[in-house]
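Student: Mind folding the following:
(one chain, ligands or ions: 2)
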Amino acid sequence: MVDGDGLYGSSRSDEQQRALLTSGRVPVAVYGLGKMGLPLAGVYAETTGNVTGVDIDPSVVGTVTNGESHVVGEPGLEALIADQVAAGRLEATTDGTAAAERARIHVVIVPTLLDDRQKPDLSTVDSVADDIAAGLSPGDLVIAESTLPPGTCRDVLRPHLAGKSGLESDAFGLAFCPERTSSGTALRDVRGQYPKVVGGVDAESGRAAAIVYDELSSNDVHLVSDATTAEAVKVFEGIYRDVNIALANELGRLADELEISVREAIETANDLPMCQIHDPGPGVGGHCIPYYPHFLLSRMTEPMELTRTARTVNDGMPTVTADRLEEELSSVGTSIAEASVVVLGLTYRAGVEETRASPAIDLVETLEDRGAAVAGIDPLVDPASCGARPVEIDRLEEEHFDAAVIVTPHEEFDRIPWTALESMIVVDTRDAMDLSGTDHRVYTLAGSADGRRPRAGASGDAVDRPDGEPGSEHGTASVRRTDGGNDV
Ligand SMILES: NC(=O)C1=CN([C@@H]2O[C@H](COP(=O)(O)OP(=O)(O)OC[C@H]3O[C@@H](n4cnc5c(N)ncnc54)[C@H](O)[C@@H]3O)[C@@H](O)[C@H]2O)C=CC1
Ligand SMILES: CC(=O)N[C@@H]1[C@@H](OP(=O)(O)OP(=O)(O)OC[C@H]2O[C@@H](n3ccc(=O)[nH]c3=O)[C@H](O)[C@@H]2O)O[C@H](C(=O)O)[C@@H](O)[C@@H]1O
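Tutor: Ligands and ions are numbered 1, 2, ... in the order given. Below you'll find the predicted structure:
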């Protein structure tokens, strides 16, 4: 048994441990104050009242120290951070070692990416583990929330922490407790939208972490057999999504040959609860879904052909998009090599400031390789960082483009004055806009949910649709944000 205020191996009753935790007697350090780390730190602060957030980026630490949020698009986050910092319940630092020396619970929520050979790159997690090890005490509990390749806590982190701290590996706790959160609903999700999965490297780690999340989350804690199982749960959720989207993309590509709207067919098939096909699109981006399959692909001896193929299908979608654009251009006598194209939306998802693995980057590169002059518009990031010439929405009327490609339907695109723009080809990869009241020649990848075939005008539609998509009376069109089949 361990004395003091640590939860791992505590001789106190569960009730006493909960009281310690919620009265601020168990200092918490949260490493990584990014899109998910900052909301998590905020919720830890409102639950425990004693949190130090750690980030290597001084500008992030400066913002949080001022009681502000650098993460955009998360309802309630600005107010939560302001309140928690003002109340002295949350502070921030770049000094991970100092934070670790103070803390008894260490929460890791830094990115886990891939190296050039598509193998998991754990260098950021390792560097946080170094910080934690420098301040690790008996009875401390380390919680990994960063998505990890299954086996990482057991085989990598536990020996790493023990080796660097000089402690026996059963002197401190270690649990994997995945983030089941999504940009735009992060606070809601952290506070308990879904059951919280908890898995410890040993039974005592699982028990201690379950207490923490029972206090933090309003939902159930789902304690699984071990940390590796919990790691697998998270990676499986991501692979399911990637494979499902690949299926949607494969089916979506059939729309031209079948002369139907595949989106209409998918939506209708999804009437059945046992059929939940996701949405076709320009590819799968972000620093999560395209990465997680590789957490297993790179390490398992089983072939995992389905998972691998899904990656290939989704990675191929920017090229498919470029091919469709090239065909549309050539049908009006314009060569792609002489075309000027504007890409709308460069982030991987509407409203989220993130371009890692965004399909827009591959699309820009492919179009440029084929000789097109490519411009870009994005309200959240500089298009130049993705290789496109930046254009402002308000200056679009002054420009001439042969084509526009809608990749990521940001809300701000509602302002585009389509009728005032010179007639052009519009490739809509998301079924995001209804431009039927304009002169633009529209190609909707996989067709529209309300039954229009990919090429505008080729409706093939024998059914009257009184309640069609939002109209374009004033030359603007409402944007549908369709980045998730069956999302909540
Ligand atoms: N963004 C999402 O939708 C979700 C993300 N996740 C997982 O959560 C983890 C974190 O993701 P995000 O918060 O989205 O990442 P992010 O990229 O938005 O933020 C990461 C933060 O960590 C900081 N950082 C980097 N190295 C550090 C170090 N050595 N010490 C301290 N801070 C450091 C960065 O400066 C940055 O502020 C990843 O493993 C991701 O896969 C899980 C579910 C959802
Ligand atoms: C529905 C949802 O929000 N899933 C999560 C996902 O978050 P992420 O921000 O990566 O978004 P996503 O909606 O899965 O989209 C990933 C990519 O896939 C594309 N996408 C998504 C759904 C779909 O039907 N079709 C499609 O083409 C999106 O456009 C995007 O480029 O990954 C997170 C993660 O696991 O890290 C996970 O926690 C979230 O639950």
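Student: can you give me how far whichever strand or helix holds residue 208 is from the chain middle?
Tutor: Element membership for residue 208, per DSSP states H and E: helix 203-216. Centroid separation between helix 203-216 and its chain, computed with CA atoms, centre = their mean, to the nearest Å, is 26 Å.
Student: buried sites along it?
Tutor: 204-216 (16 or more other CB atoms under 10 Å). (Each C-beta comes from the backbone N, C-alpha and C, glycine too.)
Student: could the residues you listed go into JSON lines alongside distance to residue 120 and pLDDT?
Tutor: Formatted as JSON lines, those follow (distance: CB to CB, whole Å; pLDDT from 0 to 100):
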{"residue": "204", "distance to residue 120": "27", "pLDDT": "98"}
{"residue": "205", "distance to residue 120": "22", "pLDDT": "98"}
{"residue": "206", "distance to residue 120": "24", "pLDDT": "98"}
{"residue": "207", "distance to residue 120": "28", "pLDDT": "98"}
{"residue": "208", "distance to residue 120": "27", "pLDDT": "98"}
{"residue": "209", "distance to residue 120": "23", "pLDDT": "98"}
{"residue": "210", "distance to residue 120": "27", "pLDDT": "98"}
{"residue": "211", "distance to residue 120": "30", "pLDDT": "98"}
{"residue": "212", "distance to residue 120": "26", "pLDDT": "98"}
{"residue": "213", "distance to residue 120": "25", "pLDDT": "98"}
{"residue": "214", "distance to residue 120": "30", "pLDDT": "98"}
{"residue": "215", "distance to residue 120": "31", "pLDDT": "98"}
{"residue": "216", "distance to residue 120": "27", "pLDDT": "98"}
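Student: How many residues are close by the closest residue to ligand 1 within the stretch 151-300 of the chain?
Tutor: Nearest residue of the stretch 151-300 of the chain to ligand 1: residue 179, at 3.7 Å (CB to the nearest ligand atom). A count of nearby residues for residue 179, using other CB atoms under 10 Å, gives 20.
Student: which residues does it contact?
Tutor: Residues in contact with residue 179 (CB atoms under 8 Å, 6 or more residues apart in numbering) are 36, 40, 109, 145, 147, 189, 190, 234.
Student: which one of these is nearest ligand 2?
Tutor: Relative to ligand 2, the closest of these is residue 147; by CB to the nearest ligand atom it sits at 5.8 Å.
Student: And residue 129, how close does it get to residue 110?
Tutor: 10 Å (CB to CB, to the nearest Å).
Student: What parts of the stretch 51-200 of the chain come near ligand 1?
Tutor: 54-57, 60, 96, 109-112, 124, 127-128, 146-147, 179, 181-183 (CB under 6 Å from any ligand atom).
Student: Please list which of these are also close to ligand 2.
Tutor: Within those, those near ligand 2 by CB under 6 Å from any ligand atom are 147, 179, 181, 182, 183.
Student: With pLDDT added, can I get those in a markdown table?
Tutor: Converted to a markdown table, these look like this (pLDDT from 0 to 100):
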| residue | pLDDT |
| --- | --- |
| 147 | 98 |
| 179 | 97 |
| 181 | 97 |
| 182 | 96 |
| 183 | 95 |
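Student: mind putting those in CSV, distance to residue 305 and secondary structure included?
Tutor: As requested, these are exported to CSV (distance: CB to CB, whole Å; DSSP: H, G, I helix; E, B strand; the rest coil):
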residue, distance to residue 305, secondary structure
147, 23, coil
179, 29, coil
181, 30, coil
182, 29, coil
183, 31, coil
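Student: For ligand 2, state which of these is nearest.
Tutor: Of all these, ligand 2 sits closest to residue 182, with 3.2 Å by CB to the nearest ligand atom.
Student: Wait, the closest one touches residue 189, no?
Tutor: Yes. Between residue 182 and residue 189 a contact is recorded at 6.1 Å, counting by CB atoms under 8 Å.
Student: ok, which stretches of the stretch 51-200 of the chain are strands?
Tutor: For the stretch 51-200 of the chain, applying DSSP state E, counting those that start in this stretch gives strands covering 51-54, 90-93, 105-108, 113-114, 120-121, 141-144, 173-176, 196-200.
Student: Least confident of the ones you listed, on average?
Tutor: When the strands of the stretch 51-200 of the chain are compared by mean pLDDT, strand 113-114 comes last with a mean of 90.
Student: So what touches that one?
Tutor: 120, 121, 124, 287, 291, 294, 356.
Student: Point out the ones among those that are inside helices.
Tutor: 124, 294 (DSSP state H).
Student: buried subset of the contacts of strand 113-114?
Tutor: Here, 16+ other CB under 10 Å leaves 120, 121, 124, 287, 291, 294 buried among the contacts of strand 113-114.
Student: in which helix or strand would I find whichever residue of the chain sits closest to ligand 1?
Tutor: Minimum separation of the chain from ligand 1 (CB to the nearest ligand atom) falls at residue 34, amounting to 1.7 Å. For residue 34, there is no enclosing helix or strand under DSSP H and E.
Student: let's have the chain start at 3 instead
Tutor: Sounds good: first residue 3 from here, last item residue 36.
Student: Can you name the residues that contact it?
Tutor: 57, 62, 73, 111, 112, 113.
Student: Mind giving me the PyMOL select for the residues you listed, buried ones only?
Tutor: The PyMOL selection below is limited to those of the contacts of residue 36 classed as buried (16+ other CB under 10 Å):
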select buried, resi 57+62+73+111+112+113
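Student: Adding pLDDT, write the contacts of residue 36 out as CSV.
Tutor: As requested, the contacts of residue 36 are exported to CSV (pLDDT from 0 to 100):
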residue, pLDDT
57, 98
62, 98
73, 97
111, 98
112, 98
113, 95
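Student: So which of the contacts of residue 36 belong to helices?
Tutor: Applying DSSP H to these, the entries found in helices are residue 62.
Student: Rebuild the contacts of residue 36 as TSV, extending it with distance to residue 444.
Tutor: Below are the contacts of residue 36 laid out as TSV (distance: CB to CB, whole Å):
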residue	distance to residue 444
57	44
62	41
73	34
111	42
112	42
113	37
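Student: Only C-alpha atoms, please: export stretch 113-132 in CSV.
Tutor: C-alpha atoms of stretch 113-132 as CSV (Å, rounded to 0.1, in the frame of the first residue of the first chain):
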residue,chain,number,x,y,z
PRO,A,113,-0.7,13.4,-30.9
THR,A,114,0.3,10.0,-32.1
LEU,A,115,1.3,10.2,-35.8
LEU,A,116,3.1,8.1,-38.4
ASP,A,117,6.6,8.2,-39.7
ASP,A,118,7.6,8.2,-43.4
ARG,A,119,7.2,4.4,-43.6
GLN,A,120,3.6,4.6,-42.1
LYS,A,121,4.8,3.2,-38.8
PRO,A,122,3.4,4.7,-35.5
ASP,A,123,5.6,7.6,-34.4
LEU,A,124,5.5,7.6,-30.6
SER,A,125,8.2,10.2,-30.2
THR,A,126,5.8,12.8,-28.7
VAL,A,127,4.3,10.3,-26.3
ASP,A,128,7.8,9.2,-25.4
SER,A,129,8.9,12.7,-24.7
VAL,A,130,5.9,13.3,-22.4
ALA,A,131,6.8,9.9,-20.7
ASP,A,132,10.3,11.3,-20.0
